[in-house]
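Trainee: After the sequence you'll find the predicted model.
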Amino acid sequence: MNFTERIKRFFRGRYGADNLCRFMLVLMLIFTLLYVITRVYLFDLISFILVILILFRMMSRNYEKRSAENRKYLELTENVRVWIKNIRSDSSSTHKVFMCPQCRQKVRVPKGKGKIQITCPKCHHVFIKRS
């Protein structure tokens, strides 16, 4: 058996990278950069701990626990992710995009109409927003 086959066999059944791992990787890079700039060893220690956690999560075979951790992370950061997504997608100068508070469906309405009543096309929930 050649080396690549051994590597493939080793990684088979491992959890791999997810959103939480990517977030921890960005944090690790930030703390490493802070360490390089300031030479405060606390930043270096935090970076090292994050590397260990990232490797542990990626090499884990316990899918249920790692998935639950990732789901919890996604739940905690949902509002921030939706806010960033709205900022990126709201490039139109004639329309404004709102999220339905009930089902999170995007609803596009014309700008400059004042306070309007919006009905979600998906769940038919009615809410009032200023356009």
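Mentor: Happy to help now that I have it. Numbering: from 1, shown residues only.
Trainee: Report pLDDT for residue 90.
Mentor: Per-residue pLDDT puts residue 90 at 51.
Trainee: Please disregard the earlier target; I meant residue 119.
Mentor: Confidence at residue 119, expressed as pLDDT, is 92.
Trainee: ok, now which ones touch it?
Mentor: Counting by CB atoms under 8 Å, 6 or more residues apart in numbering, residue 119 makes contact with 125, 126. Backbone N, C-alpha and C define where each C-beta goes, glycine included.
Trainee: Next up, phi/psi of it, please.
Mentor: Main-chain torsions, residue 119, degrees, to the nearest 10: phi -110, psi 120.
Trainee: could you pull out the helices for this protein?
Mentor: 3-11, 19-38, 41-59, 63-76, 78-89 (DSSP state H).
Trainee: which sections of this protein are below the confidence cut-off?
Mentor: 88-92 (pLDDT under 70).
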